[in-house]
Structures are given as C-alpha cells and as structure tokens.
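sequence first, predicted coordinates after that:
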Amino acid sequence: MSAATAKVQRGDVVLAARNMAKSYGSVHALKGVNFDIHHGQVTTLFGENGAGKSTLMKILSGVVLPTAGQIILDGQPVVLSSSTDARNRGISIIHQELSLAPNLSVRDNIFMGREIMGSTGVDFAEEERQVRKLMTDLEEDIDPLTLVEDLRLGQQQIVEIARALSVDSRILIMDEPTSALSATEVDILFKVIRDLTSKGVSIVYISHHLEEALQITDHAVVLRDGMLTASAPRAGIDLDWIVRNMVGENYDLGSPPTGHAFGDVALSVRDLSVPDPKGAGFNLVDRLSLDVRAGEIVCIYGLMGAGRTELLETLAGRLRASGGQVVLEGREISHLPIAERIARGLALVPEDRQRDGLVQTMTVGQNLSLASIRSFTRGFFTHRRMEDRIVDETIRKVTVKTSGGAAAIGSLSGGNQQKVVIGKMLATNPKVMLLDEPSRGIDIGAKAEVFRLLAEGARQGLAVVYSTSEVGECLSIAHRIIVMHKGRISAEFDSTVTKEKIMAASGESVAA
Amino acid sequence: MSDTSATRTSTAKSASSGGFSIGRLLLEGRAFFALIAIIAVFSFLSPNYFTVGNFLIMASHVAIFGILAIGMLLVILNGGIDLSVGSILALSGVIAGALMQGVELSTFGVILYPPVWAVVVLTCAFGGFVGAINGVLIAWFRVPAFVATLGVMYVARGVALLMTNGLTYNNLSGRPELGNTGWDWLGFNRLAGVPISVLVLAALAILTGVMLSRSAFGRWLYASGGNERAADLSGVPVKRVQIIVYTLSGVLSAIAGLVLSSQLTSAGPTAGTTYELTAIAAVVIGGAALTGGRGTVRGTMLGAFVIGFLSDGLVIIGVSSYWQTVFTGAVIVLAVLMNSIQYGGRGRKN
C-alpha cells in the first residue's frame, strides 16, 4: 500500500471528516465535527462517555450513515455505505464491544465473512498459516483452532485485533482496544502499532487510559458533547490539557450538599465477597467493607472491571455473595430477594438502562410505577387513581420531559429515560439509593439534573452511592470518594481531593 | 352472535391498561376487520352462514381453542410458548373419563363414583399440576420453554394413551342411581339460547382481561415478558410469575378438555392433537408478539374467531378440508407479517 500512496508524505491527511453530524431522534450525538486522520501516524480521540467518540468512529467505518457532513478520502468525497464498503476502501475498525462468535475457532473468527477459497472449498491450511503469523506478530500463544469461548477476555481482544490486522487496511480504528489487556499485552500492542505506522498505516486510537494513550499518540483530538473542543499535535499537549478539554473549564455538576447532618449508618457492608461466575477462586469483589450514613453521598470510582457493578448488583440482590454481610438500617438483608430489599428501602438504578432498567413494551407511566405496584394495589386490583398520582408526582419530581404517563418509553431521550429509571426507584421511597454509572450515555444537562436530584434526596436523608468512571463526576456532589481496584477499596478521599490522586489510586496511570 | 361475542370480549379489555392509543386500535382493528370480511364473504356465498343458529354452532367450536388460546396468550405474553396444551387437553379428558367410570378403592372393596362437579374440580387441579411442572422446569431448571413443553406434550399424550390403552371412554353420561349424571351439561346445554361452552369462554376471557389490565399480577406479566431483567431488578417475582402462567395455561387446557369431551360425550387420548398450534395461531393473529410483552385478550379472541369462522365457513360452502389448511396457514403468515411491520416501525417513530 505504500507503493500506491508514494506521493503521500507522513503526516498528510488521508481521511478528513467535515461537519459530521449524527442524530438519533431528538438526541444529537455529533454536532458538526471536523476530524483528520494523518498518514502513518496515530490520532487519538479523547472524550467522556457520550461525547460522541464511538459514533464518529462508526461513521468513519461505515457502520452508520451520518445525518449530515462529508467524508473526504484521499482528497475525494466518498460515501461509506456499509462496513464492507469501508473495508474495501482500506478502513477497518476494532469495536469496543467484542464482535466474535464464541462458538467458532480463532481461525474461523478471523476470516469470518471473507474466507480464503481454494480449489476444494475453504483453504483452511492457508488461513491457519496466516493466523499463526498474526499471533507471532502479537507475541500471543493462541492456537488457531481454539474456540473463542475458551479464551480469557484479554485473549479474545487480541483475536479481535488480529482480525483487524489481517485485513491489511491502511486506516485502522481502535475503539478501546486495551480495556481487557494486561500491561505486557498493551506494550506488545503498542509495538505492533508503531510497526504499522512505520509501514504507512494510519491509526485512530480511542482509550480511557489517558496516560497510556499519550504514549502512543501523534495527534490528540478532544470531543465533548458531540463537539470538537480541541486538537493539537503531541508536542503541545499533556495530561492536564486533555482533562481540561474533556471536562470543560466551567464544568459544574454541583457540589456536595451541605447544611444537613448525617444520620445513622443506613447501609453497612462487611467483608463482602463476590466470586467470578466463570473463573474459580477469583473474586470480583474481595472482602469489601463500607459504611454509608443517611444523607451522605458516596462516589465509587474505578476502571472497567474494578468490580463496581458487581458490588452494587450484589447489594441489590441480583448477584449472590460468597461471604460477608449487608446490613440495612441495622438489619441483615444478605439472604433477602430483590423485592424484599426494595420493600425495606434499598434500590438500585442499573448501569445499562436499556437492558436492565426499562421495559420497552410498556408506557412511561407503567415503567415509573413498576417497582411500587404493591403500594397502589388494593386486594386483587390496582388502583388507577393512586397509580396516576404516583406517576404524575414522579414525573414532576424528576422532571421527565414527556407528553405524559401514556407516552411510549422509546419516545424519550436518553437522559429522560434515565430519569424514568431513577424515578421508578425513588417512587419506592428508598432509604439507600445505589446508582451504577447514572450518567452513562446522557448529555451534560441531564447529568447535572440527575446529580441535583441526588443532592436533593441526600438533603432529605437519603443515603446515595453512585459509581462512575469519570473523575469529574466524583468531584461534584460526593461527600466521600472511594476508589475501587480489582474488587477492593484502594483509597478513600474526601471531596477536596484532586483528580490526579483519584486516578492514581484506581491504577489508571500504572496500567501501561 | 359474532357481534355480541366481539363486544363481550371487548368489554373485557376496554377497561384496559391506561391510554388508548391509535396504534393499538389499528393493531387490533386489523383482526376485527378480517373477521367482518370473513363473515361478509361467507354470508354472500352461502345463505346458511348468516343465521343465528349457525353463529352459535361456530362459536361453540371456537370455544375449545379459544380457551386454549387464552392460556397460550398468558404464556406468550411472558415470552414463552406452551406446546403441551393439546396433550394436557386430551389427558384431562381421559382423567375425567376415568373418574366418571368410578374410582375403585380395592383395599375397601368399594367403587367411588364422584359427582360431576368433583370430577371437574379434580380435572382442573390436575391440569394445573401438569402446567406447574412446565413452569418449574422453565423457571427453576432453566429448560427452554420450547423444549420443556415439547417434552411434557409427549409425556402427557403417552400417559393418556397408556391409561386408555388407546381406546376412548364413551359412556360418560353417568347413571342416575349413582348420582353422577349431567356430564353433557357443558357441551350441550344452553343458557338463554347461548351454548354453555361459549359462556364459559366469555367468562374466562373477561376474567383474564380484568386480571391483565387491573391486577398487579397482570402488570408483572407484561413487565417480565417485555424485559425480564428490568422486571427482576424492579422487584417483580419473575420466577413465580412464570410458574403461575404455565399453571394457568394447564388449568385452561383442562377446562377445554372438559368442554370438548362433554361436547362429544366421549374422551379419547388422541383428542386435541395439533390444537396447540391453532392456539398459537389465534394469539398471533390477535396481534401478540412472540417475543413477549405485547398482546391482549381482545385480540386473541378475535384471532380465535377469525380462524374458527374461516374454517367453518369453508366447510359450509363445501370447500375441501385441504384448502382450509392452506387458507389458515396463509392467514397466519399474513398476520405475523403485519405484526412485524407494525412493531418494527414502532420504537423510534413515536
């Protein structure tokens, strides 16, 4: 490919996106972004969840079509109509979510959809040879005939990377390629990336590990709320610059509510352990202890896989603990089912609101009242007027923008859907509210409203525990910040801590 | 009659869950218009079709798989499927037949002849028990609904054949001196000119409709069918809901078995073969989604009447029964096609 692009100099723009915009209904994921990919260099894309990074990459790899804007490849405007189209033009992508078929072998996964055909069908021997070569490059000892489901997550990610490499693309997009890799594997990946760029391949790299990404980047581009906030070559940037541009100068999600005294300990966790359902002997949550008082807001910060979700789901009763105690207002609840825990005042707002939070076939009102049906059931029948009152009250309280309780849940924006999930649990009059990444995939305005709601609840004596992977969100309304790392609490801070200290405690900077 | 039955089922659901959107009206209207069209076409083709007598006869035919379809609707709303209803229908009929023949208690040397009401209660309880086996297999042992109910379908059919040695109980009328007469009441009697079986169907439809729209259980059922994980995290006892749903389907199958054997005054082990498919067809034509969470009793009743009136109409105008199969199949495919068009464009648009 370097022959075909002989005139192209390192650093020239090979692909340019102009005024890219993408809307999903009323949600504007991208609002007119300009983005350049440079020949033989690594362009890193920074931004928080929901900033539009993945949407932009999906457009550039042909997975989704933009609502507006132009893609210029080698100086020519093009339309990337499908991912196959993009692949044929030399653009391939490693998706954030693994897209492998677990029931097939590594070889079959890598050549899925573009099998090498010999005279008597698929040329398995040639495929196998190429896979072995790729694995040698990646310094990974994976047999081509192993089933993907038998590999650990990090190895699966390697297979995903190998698949993208096997295409011989000239533009390679990597969306969070290292989320499940060990430090050594990351080093090898970086070696492969440098090797590729020296051959003239252009890389787009997305990562939450800021320091790790800084090692490899040539150009940095920062997105926030679907808009480009800054872009600069490597020489002009540092960690501080990225964080500042990611979260914004006047990034204010509120401050810890003051003026009320904390009550008694509402939730007490003692030596809680949760085993990994797949691996024997490995704990996702490891002998963790935590006390939360009434009126207190606690933020749990940690990287992906730190055990935050498992901790919260175990507290709510979804997962089973292998040891330890959960005490709610002085009473042990470890043995109770979810419904009983909700009735006693412990409510969870799950991380994935589409999968775990909402019933898409029901209306806004039915979703809002789902967790508190018992409170408006008299004998056999639900009481329509009492239900309507609960629904209307909750819609007002959590300020859901909707035409009313009878509206379809799909008609709401992401932020409003999240408020419905929160409202549903608030309607059960909880004493302790657990929220797993409450700001995931919602815009900055909705984030601020969600946090205002939590602060309001705390003032009235609600104990709030929320988890996040955005440092900025820890430093908003939380009275206390807990950092989780590999299933344990690695540090505990009050609200005056700095971002750098939190990140260091989470293992973020030592990852690479 | 078709009109009264349609309005009766619609009163069952008109008090339905919350708002009454145009979309839902169109969805259910589709099955309703199909029914009107069927009645119009056959009335035109045959002078015998559009008579009160004929409608009553057709409605009593619909009653059997209408009752099965109500149970099937509950299961499908939950996101499952129940292939065992036809077999439970047959086994229930056979058990009722055996009870009518008398239960011999050899240790006491007496033969007990339970009265008909006791036979009915015992049979329904038995149907519920078999349904509960389905439910426990699916909810606790995580056997896929398709497989669990397929297995129970075979077992129940086999037990029915074993019990009767492949024969049919014919003498179900009972004897006055034993005090167990009245078996044919369900199948032959009429109240104000309406067959009892049709009244049973209507009563069950109304009860189920009220349960779905007004009870906490109904809401739990819709929620756990629409998104089991979200329902679970909201405190819905999803496993209990699942077991109850299959139990209810079993009870309804037993009721259908009683009605059928009463109509025939005989109970055979091969009764109700493939009825589960007719019941599924009625639910689907009635606009329910096989993925769970969407569907109403009103729609299902319309679906049952569409199938019943169509096949009886074809018989009346003298079309070969082979063609009935072809027509029924075409209607099912058409219905599913329209369902997927409707649901497919729904999520985003409004």
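Sure, I can see it.

ok, now which ones touch residue 126?
Let's take chain A. For A:E126, the contacting residues are A:116, A:118, by Cβ atoms under 8 Å, 6 or more residues apart in numbering or on different chains. Every residue, glycine included, has its C-beta placed from N, CA and C.

oops, wrong one, chain B.
Counting by Cβ under 8 Å, 6+ apart, B:F126 has contacts B:91-92, B:95, B:254.

next, the buried residues of the host helix or strand of B:A90.
Using DSSP states H and E, B:A90 sits within helix B:85-100. For helix B:85-100, a neighbour-count test (16 or more other Cβ atoms under 10 Å in any protein chain shown) marks B:85-100 as buried.

for the one residue in the stretch 351-500 of chain A that gets nearest to chain B, the count of nearby residues, please.
Nearest residue of the stretch 351-500 of chain A to chain B: A:A406, at 3.1 Å (Cβ to the nearest Cβ). Applying other Cβ atoms under 10 Å in any protein chain shown, we find 16 residues neighbouring A:A406.

that one contacts A:G365, correct?
Yes: assessed by Cβ atoms under 8 Å, A:A406 is found in contact with A:G365 at 6.2 Å.

okay, now residue 71: neighbour count?
Since you didn't name a chain, this refers to chain A. 22.

my question was about chain B
Neighbour number of B:G71 under other Cβ under 10 Å is 31.

likewise B:Y322?
Other residues close to B:Y322 by other Cβ under 10 Å number 8.

so which helix or strand takes in it?
Here B:Y322 is covered by helix B:321-344, with elements defined by DSSP H and E.

enumerate the positions of that helix that are buried.
B:324, B:327-328, B:331-332, B:335, B:338-339, B:342.

and the pLDDT for the closest residue to A:A230 other than its chain neighbours?
Of all residues not flanking A:A230 in the chain, A:N245 sits nearest, at 4.2 Å (Cβ to Cβ, 6 or more residues apart in numbering or on different chains). Note for A:N245: predicted pLDDT of 81.

A:N245 touches A:L228, doesn't it?
No: the pair A:N245 and A:L228 fails to qualify as a contact (Cβ under 8 Å) at a distance of 9.7 Å.

shared neighbours of these two, anything?
Shared contacts of A:N245 and A:L228 (Cβ under 8 Å, 6+ apart): A:V222.

count of neighbours near A:V326?
23.

excluding chain neighbours, give the residue nearest to it in space.
Nearest to A:V326 is A:S334, by Cβ to Cβ, 6+ apart, at 4.8 Å.

that neighbour: neighbour count?
Around A:S334 there are 19 other residues, counting by other Cβ under 10 Å.

so what's it up against?
By Cβ under 8 Å, 6+ apart, the neighbours of A:S334 are A:321, A:324-326.

dump the helix or strand encompassing A:L315 to PDB, restricted to CA.
When elements are assigned from DSSP H and E, A:L315 belongs to helix A:308-316. C-alpha atoms of helix A:308-316 as PDB (Å, rounded to 0.1, in the frame of the first residue of the first chain):
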ATOM      1  CA  ARG A 308     -18.100  -1.600  40.900                       C
ATOM      2  CA  THR A 309     -21.100  -3.100  39.000                       C
ATOM      3  CA  GLU A 310     -20.700  -6.500  40.800                       C
ATOM      4  CA  LEU A 311     -20.600  -4.700  44.200                       C
ATOM      5  CA  LEU A 312     -23.800  -2.800  43.500                       C
ATOM      6  CA  GLU A 313     -25.700  -5.700  42.000                       C
ATOM      7  CA  THR A 314     -24.800  -7.900  44.900                       C
ATOM      8  CA  LEU A 315     -26.100  -5.200  47.300                       C
ATOM      9  CA  ALA A 316     -29.300  -5.100  45.400                       C
END
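
which helices and strands does the next helix or strand after it pack with?
Next in sequence after helix A:308-316, counting helices and strands by DSSP H and E, comes strand A:323-328. Strand A:323-328 is packed against strand A:265-275, strand A:283-293, with contacts defined by 3 or more Cβ pairs under 8 Å, 6 or more residues apart in numbering or on different chains; DSSP states H and E.
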